[in-house]
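Colleague: Mind folding the following:
(chains A and B)
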Amino acid sequence: MWNILVQIFPYAVAFTIPLLITALGGLFSERSGVVNIGLEGLMVIGMFTAAIVISKTELNSPGVSILLGLLAALLVSALFAMLHAFACVSLNANQVISGIAINMVAGALTTYLARFITGSGNIQIIHGLGRHKVPALSEIPLLGKLIFTQSYLTTWLVLAILLTASFALYRTRFGLRLRSCGEHPHAADSAGINVYRMRYSAVMISGACAGLGGAIFLVTVSGEFNGTAAGMGFLALAALIFGQWKPFGILGATFFFGFASTIANVSQAVPALAQIPGIFLKTFPYIITLAALVVFSKSSQAPKAAGEPYDKGKR
Amino acid sequence: MKLKASKEYLLAIVAVILGLMAGAVLMLVTGNNPVDGFYYLFRGGLMNIERVGNTLATATPLIFTGLSVAFAFKTGLFNIGGAGQMLIGGLCATAVGLTFAWPKPILLAVIVIVSMIGGGLWAALPGWLKARFNVHEVVSTIMMNWIAYWTVFYVVPLYFKGPFLETESQKIPAAASLKTVWMTSLFHGSYINQGIFLAVIFVIVSAFILEKTTLGYELKAVGFNRDAAQAAGISVKRNIILSMTIAGALAGLGGATFYVGYASNMQIGVMPSHGFDGIAVSLLGANSPWGVMGAAIFFGLLHTGKGFMNAMTSIPPEIADTIIATIIYFAAASVLVERNWDRFRRKWTTGRLFKRTQHRIRQGTGGRE
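Modeller: Alright, predicted model coming up:
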C-alpha cells in the first residue's frame, strides 16, 4: 500500500495544483460578489496561450520558454476575464449567462485560432516542466518521499500563491474591501469603497489564476492543447463550494478531488486499485459537493451578494 | 406584454447581428473574405434537399434543449443541466434499443417514454434540492452534468461496448432508430429523422401548457413572483420540482433524438454541446416555444453549413461555434443595447416634441414677428 501511495502521490499533487489555483481564482471572484462559471473557459484560454508561446519559443530559448508561457497565459486570461467583468459589473448582465458565454467563446475561439495557426485543432509542446528533488527536505522520512522528491516548481509557486491569497483576503485592507463587496455591496459603497472597481479587479484576478491553472495543467499533465480543459474548471467550481469559499477549505477539497481522480486514472495500471469502480471515484467529487450543498444549506458560507448585479439605485 | 415581447425579439436580432459581425471580424483577421465565408456557410446549410434535412436534423435536439431551458426559465429556474439530462435520456434510449427486439412502433414508443423518464428524473433531483433545501439549481445541475458524463463514460463500455472501439457503444438496430427509410430517401440520405415531428409536437404542447392550462399559469406565476404565488395558494415547491422535471424530460427526449436519431451510437467522453447551446436558443427565442424553434433552426443551419464552408474556403469550422457563443455573450450584455435604445428613443421623441412645440410657438407668435 505504501509503495502505491508513493507511486501515485506525485500524480495526485500534479492534478491537484491546477485545480487549486483555478478554484482560488474563483474564490476571489465570488468573494467580490461575481459568480464565475467561466473558470473552465478561462483555463482553456490559459492553456491555449501557454501552448502557443511555448511551442513558438521552446526551440530558440528553451530555458525561459515555459516561464514565458505561464506569464503570457496569466496576462491573456486576465484580459479575457475583463469580458466577464464588463458584462457582469458594468452592464449588470446575468452572471451565469455571461459565464457560460465565456466558456463557449473560449473553447470555440481558441480552437478556431489553433486550427488557423497549426492546421489542426491541437497544439503540442515538446518539453513539459521537469520534476525536481527539493535538496534537504527530500531526506525527511515519509513526507520527503511523498512530497519533496518528485515535485514541480509550479507546485511551490501555487502553494505560495495560496498563502498570499489567504493573507490578502483576511489580513489586508484590499481583502476586507473585497469581501465586503461580496457580502453587502451597498454598505461597502456607503463606506466609500468603489464596488465596481473591486469587482473588476477580483474578476481579473480570477482570470489570471484560472489562466495560470490552465497553463500549469498544460506543462505538467496534458502536454497538448486540444480545445478543452476536460471539465477541470467545473471541478474547481465544485471544490470552491465544497471548500466553503475558504482558501484552506479549497486546498483540502482540491486535494481530495485530485486524489480521487488520480486513483481513477491510474487504476488500470495498478491492480490493487482496480477493485474500486472508476465510476464511483469520478462521480464522487460532484456527489459529495451536492451533499455538502444540502448539509450546509442552512449555514452556507457563500458570499451573500454573489450572483447579484450591484445596482447603486436599489436598496 | 406584446410590446415587451417585440422588444425582446429586437434585442435577440441585435445580438445575432453583433454575433455575425464578430464572426466577420474574425474571418477578416485570419485573412479570409467574410462575404465568401457567410455565403458558403449559409449555402452549406441550404443548397440542396439533403442539406436542408441535415439542418433540420441538427436543429432537432437543439429545439428540445432550448424548450427545456425556456420551460424552466418560465418558473424562474435556470436549467443549465441540459447536457446531462440529454446524456441520461440518450443512455436510457440506447439501452432499450440495444436490449429489446420489439417491433419498431412499440420500441420507439418505449424509447420516447424511457428517455423522458430518465431525463426527467435527472432534473427532478436538482428541482427537489432547490425546493427542499434551497440549493441553487445552477450549481446542482452543473454537478449533475458531470455525474451523467462519468456515468455514461463507465456504463457504456461495461454493458454496451461496440465491436471495435472501447469509446463507443454498439450501433443500435434499425428498428430502434428514429430514422425511417422514407424520410432518408425523401431527403436524399440526410440525417433527418422522426425526431423533428416529435420536436414540433412538443413545441405545440409546451406552448399549449404554458399559455392555456392551469399548470402553465401556476408555473409562470411562480416565475413572476414566488411570494405572491405562495400567497395566492399555489404550491411553490411543487411547481419548482414539476418545472424542473418537465424541463429534464424535454432534454432527455432531445437526447433520444440525438443518440438514436441523428447518430446511431453513443460516444463516451463527450459532453454534448447542446446543453449550453440550448441556453442560447432559449435566449434568442425570447423563451417562447415558437421562438425557440426558429432559433434552433438558425443554429442548426450554422452547424450544418460550417463543414461546407470549411471545404470551400480556408475558414476553420469553429467559426460557427464562435458566432453562437458571441451571440450568447451579446444576449447577456443586451443591457448595453437596451440602454442605448431607450436613450435613442427618448432623444428622438423629446426631439420631436421639442420641434413640434417650437413649431407651435412660432405659429402662435408668427404674426407679431
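
Colleague: The helix or strand harbouring residue A:237 and chain B, any residue contact?
Modeller: Using DSSP states H and E, residue A:237 falls within helix A:232-242. Yes. Helix A:232-242 is in contact with chain B by C-beta under 8 Å from any C-beta of the partner chain, via A:234, A:235, A:237, A:238, A:241. Heads up, the C-betas are built off the backbone N, CA and C, glycines and all.

Colleague: where do the strands sit along chain A?
Modeller: Secondary structure of chain A by DSSP state E: the strands cover A:123-124, A:224-225.

Colleague: what residue ranges in chain B score low on pLDDT?
Modeller: B:1-5, B:364-369 (pLDDT under 70).

Colleague: just checking, what packs against the helix holding residue A:237?
Modeller: helix A:2-31, helix A:39-57, helix A:195-216, helix A:247-266, helix A:278-295, helix B:137-159 (3 or more C-beta pairs under 8 Å, 6 or more residues apart in numbering or on different chains; DSSP states H and E).

Colleague: how many neighbours does the closest residue to residue B:159 other than its chain neighbours have?
Modeller: Ranked by C-beta to C-beta, 6 or more residues apart in numbering or on different chains and with sequence neighbours excluded, the top spatial neighbour of residue B:159 is residue B:95, at 7.5 Å. Counted with other C-beta atoms under 10 Å in any protein chain shown, the neighbours of residue B:95 add up to 21.

Colleague: quick one: residue B:95 is in a strand?
Modeller: No. The assignment for residue B:95 (DSSP: H, G, I helix; E, B strand; the rest coil) gives helix, which keeps it out of a strand.

Colleague: got the contact list for it?
Modeller: The contact partners of residue B:95, taken as C-beta atoms under 8 Å, 6 or more residues apart in numbering or on different chains, are B:114, B:159, B:160.

Colleague: so can I have TSV of those residues showing neighbour count?
Modeller: Shown next, in TSV, are those (neighbours: other C-beta atoms under 10 Å in any protein chain shown):
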residue	neighbour count
B:114	19
B:159	14
B:160	20
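
Colleague: Am I right that residue A:182 is in contact with residue A:27?
Modeller: No. Using C-beta atoms under 8 Å, residue A:182 is not in contact with residue A:27; the gap is 10.1 Å.

Colleague: picking that back up, most tightly packed of the helices and strands packed on helix A:232-242?
Modeller: Of all the helices and strands packed on helix A:232-242, helix A:39-57 carries the top mean neighbour count, a mean of 29, counting by mean count of other C-beta atoms under 10 Å in any protein chain shown.

Colleague: Packing partners of it?
Modeller: On a contact count with 3+ C-beta pairs under 8 Å, 6+ apart, helix A:39-57 meets helix A:2-31, helix A:65-85, helix A:95-118, strand A:123-124, helix A:195-216, strand A:224-225, helix A:232-242.

Colleague: May I see these arranged in CSV, with mean pLDDT and distance to residue A:55 as well?
Modeller: Output for these, formatted as CSV (pLDDT from 0 to 100; distance: least, C-beta to C-beta, whole Å):
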stretch, mean pLDDT, distance to residue A:55
helix A:2-31, 90, 19
helix A:65-85, 95, 9
helix A:95-118, 91, 8
strand A:123-124, 86, 6
helix A:195-216, 95, 13
strand A:224-225, 90, 9
helix A:232-242, 92, 21
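
Colleague: Figure out which of those is closest to residue B:20.
Modeller: Checking the helices and strands packed on helix A:39-57 against residue B:20 by C-beta to C-beta gives helix A:95-118 as the closest, at 14.3 Å.

Colleague: now the closest one against helix A:232-242, angle please.
Modeller: In this structure, helix A:95-118 runs at an angle of 150 degrees to helix A:232-242, with axes from the mean of the first three to the mean of the last three C-alpha atoms, to 10 degrees as the basis.

Colleague: can I assume residue B:123 is in contact with residue B:80?
Modeller: No. Using C-beta under 8 Å, residue B:123 makes no contact with residue B:80, being 10.8 Å away.

Colleague: which residues do the two both contact?
Modeller: Shared contacts of residue B:123 and residue B:80, counting by C-beta under 8 Å, 6+ apart, come down to residue B:141.

Colleague: between these two, who's got more neighbours?
Modeller: residue B:123 (34 against 26).

Colleague: Nearest spatial neighbour of the more buried one, chain-adjacent residues omitted?
Modeller: That would be residue B:248: by C-beta to C-beta, 6+ apart, it lies 2.4 Å from residue B:123.

Colleague: Contacts only, for that neighbour.
Modeller: Listed by C-beta under 8 Å, 6+ apart, the contact set of residue B:248 reads B:68, B:79, B:81, B:85, B:119, B:120, B:121, B:122, B:123, B:124, B:127.

Colleague: 7 Å - rerun?
Modeller: Under the criterion of C-beta atoms under 7 Å, 6 or more residues apart in numbering or on different chains, the neighbours of residue B:248 are B:85, B:119, B:120, B:122, B:123, B:124.

Colleague: Would you tell me which one of those comes nearest to chain A?
Modeller: The nearest member of these to chain A, counting by C-beta to the nearest C-beta, is residue B:122 at 12.6 Å.

Colleague: I'd say that closest one and residue B:144 touch.
Modeller: Yes. Assessed by C-beta atoms under 7 Å, residue B:122 is found in contact with residue B:144 at 6.0 Å.
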